[in-house]
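Asker: got a structure for you, letters missing:
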């Protein structure tokens with residue numbers, strides 16, 4: 001196999017247990033598996049999470065939720081973005097829990113349902129993508145009083161929070177969101193409140209509310225480094241990265257100083273080099289940024305792969321299906337040697353084989 005993605009389910013399971021341990025008693029744990037489980041595979045990631053402490057799953061769209069329902073028969077599956085009114089029958093059919101921000105969708109959900117169906121109202125606290133303005137939420141709920149089947153079961157928010165930059169504002173908005181939830185319970189007593197994603201759980205652990213929605217931490221990514229300022233370790237220690245992309249070296253050649261390579265000779269070797277080629281490029285999710293070949297004041301930034309723990313820097317421009325690496329200082333690199341590559345997981349080509357390690 002020339003290239004593959006290796007996913008360690010044992011690591012993902014350990015991450016789930018660490019998150020569960022950080023939650024207060026009674027707080028529900030939604031494992032977010034949108035975008036095919038952040039590239040890990042929604043079904044595999046969801047199964048590992050549910051078996052190790054998660055209570056429910058979160059996806060973005062009705063199509064994602066419907067695809068998972070045949071696998072997870074009774075698990076609550078939440079849709080984290082608003083759906084179109086015409087999707088209400090699909091949502092009802094697969095017992096999905098939608099996020100709403102309009103009375104039109106609630107009415108469509110009520111018409112499609114044959115028994116009570118829950119929905120969660122999303123509140124726009126400044127992110128601006130969707131959601132009901134806080135001051136309009138009560139008015140929206142009062143409009144639903146005549147409906148027989150669709151009922152409000154939750155209130156959600158996603159803060160426009162960037163770690164360390166607007167913590168005071170974040171605290172104020174979380175407090176106002178909680179106050180809003182308390183007021184709205186006069187109209188919908190069963191309303192569950194949730195606003196904590198991975199960053200909020202780390203930086204505002206006292207605002208777990210009734211439920212947390214965790215994606216990044218589940219996959220071993222700390223979305224914040226606020227904890228570093230207190231000289232303490234991360235709030236959830238011991239998380240690991242379960243995802244790694246590999247490609248094997250298919251060619252190695254020696255290059256003389258001054259030799260030009262690539263389309264239009266765009267790269268000129270500054271010294272004698274030993275270069276390796278791997279069959280992975282920007283169609284697989286690697287960067288399209290070229291390695292600069294100009295005089296500059298700073299050293300700039302270069303992408304790299306890892307061979308036996310050593311950095312093999314990209315040389316020249318990444319092609320659609322190949323990349324050259326500088327292995328001059330890695331004598332053990334040879335044809336067939338696997339190279340670990342940094343690829344945005346959700347951008348990785350879905351046709352790349354996934355190998356799951358248990």
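Answerer: Happy to help now that I have it. Predicted model only: the values in this text are computed from it and were never measured.
Asker: Now do stretch 202-222: distance from first to last residue.
Answerer: With Cα to Cα, to the nearest Å as the measure, the first residue of stretch 202-222 is 8 Å from its last.
Asker: pLDDT on that stretch, on average?
Answerer: On average, the pLDDT along stretch 202-222 is 95.
Asker: Also stretch 129-139?
Answerer: Here stretch 129-139 scores 97 as its mean pLDDT.
Asker: next one: stretch 63-71
Answerer: On average, the pLDDT along stretch 63-71 is 97.
Asker: Any buried residues in it, and which?
Answerer: Neighbour-count burial for stretch 63-71, counted by 16 or more other Cβ atoms under 10 Å, picks out 64-68. Every C-beta, even on glycine, is put in place using the N, C-alpha and C of the backbone.
Asker: contacts for the longest helix along the chain?
Answerer: Scanning the chain for the helix with the most residues, using DSSP state H, yields helix 167-184. Helix 167-184 is contacted by residues 123, 125-126, 134, 137-138, 141, 152, 155, 157, 159, 161, 191, 193, 195, 200, 203-204, 207, 209, 226 when judged by Cβ atoms under 8 Å, 6 or more residues apart in numbering.
Asker: Return the members of those classed as buried.
Answerer: Buried members of those, counted by 16+ other Cβ under 10 Å: 123, 125, 134, 137, 141, 152, 155, 157, 159, 161, 191, 193, 195, 200, 203-204, 207, 209, 226.
Asker: How about the secondary structure of residue 110?
Answerer: helix (DSSP: H, G, I helix; E, B strand; the rest coil).
Asker: quick one, what contacts it?
Answerer: Counting by Cβ under 8 Å, 6+ apart, residue 110 has contacts 117, 147-150.
Asker: try residue 155
Answerer: By Cβ under 8 Å, 6+ apart, the contact list for residue 155 reads 120-123, 137, 177, 180-181, 184, 191-194.
Asker: Nearest to residue 52, out of those residues: which one, please.
Answerer: Of all the contacts of residue 155, residue 194 has the smallest distance to residue 52: 20.2 Å, by Cβ to Cβ.
Asker: What is the burial count for the closest one?
Answerer: Counted with other Cβ atoms under 10 Å, the neighbours of residue 194 add up to 25.
Asker: So it sits against residue 156, correct?
Answerer: Yes. The pair residue 194 / residue 156 is scored as a contact, 5.3 Å apart, by Cβ atoms under 8 Å.
Asker: Identify the contacts common to those two.
Answerer: Common contacts of residue 194 and residue 156 (Cβ under 8 Å, 6+ apart): residue 213.
Asker: list the contacts for residue 337?
Answerer: By Cβ under 8 Å, 6+ apart, residue 337 lies in contact with 248-249, 276, 307.
Asker: Repeat the analysis, applying 6 Å as the threshold.
Answerer: Contacts for residue 337 (Cβ atoms under 6 Å, 6 or more residues apart in numbering) come out as residue 249.
Asker: go on, residue 120?
Answerer: Residues near residue 120 by Cβ under 6 Å, 6+ apart: 99, 154, 156.
Asker: Let me see the mean pLDDT of the longest helix of the chain.
Answerer: Mean pLDDT, computed over helix 167-184, is 96.
Asker: What residues of that helix count as buried?
Answerer: 170, 173-174, 177-178, 180-181, 184.
Asker: Redo those residues as a markdown table? Include distance to residue 270.
Answerer: Below are those laid out as a markdown table (distance: Cβ to Cβ, whole Å):
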| residue | distance to residue 270 |
| --- | --- |
| 170 | 47 |
| 173 | 51 |
| 174 | 52 |
| 177 | 55 |
| 178 | 59 |
| 180 | 60 |
| 181 | 61 |
| 184 | 64 |
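Asker: Out of the residues you listed, which comes closest to residue 285?
Answerer: Of all the buried residues of helix 167-184, residue 170 has the smallest distance to residue 285: 31.7 Å, by Cβ to Cβ.
Asker: Pick the one among the contacts of residue 155 closest to residue 130.
Answerer: Taking Cβ to Cβ as the measure, residue 130 sits nearest to residue 122 out of the contacts of residue 155, at 6.3 Å.
Asker: Could you count how many residues lie near the residue lying closest to that closest one once chain neighbours are set aside?
Answerer: Leaving aside its chain neighbours, residue 122 sits nearest to residue 131 (4.2 Å; criterion: Cβ to Cβ, 6 or more residues apart in numbering). For residue 131, the count of nearby residues is 22 (other Cβ under 10 Å).
Asker: is it true that residue 131 touches residue 125?
Answerer: No. If you go by Cβ atoms under 6 Å, residue 131 and residue 125 don't touch, sitting 7.6 Å apart.
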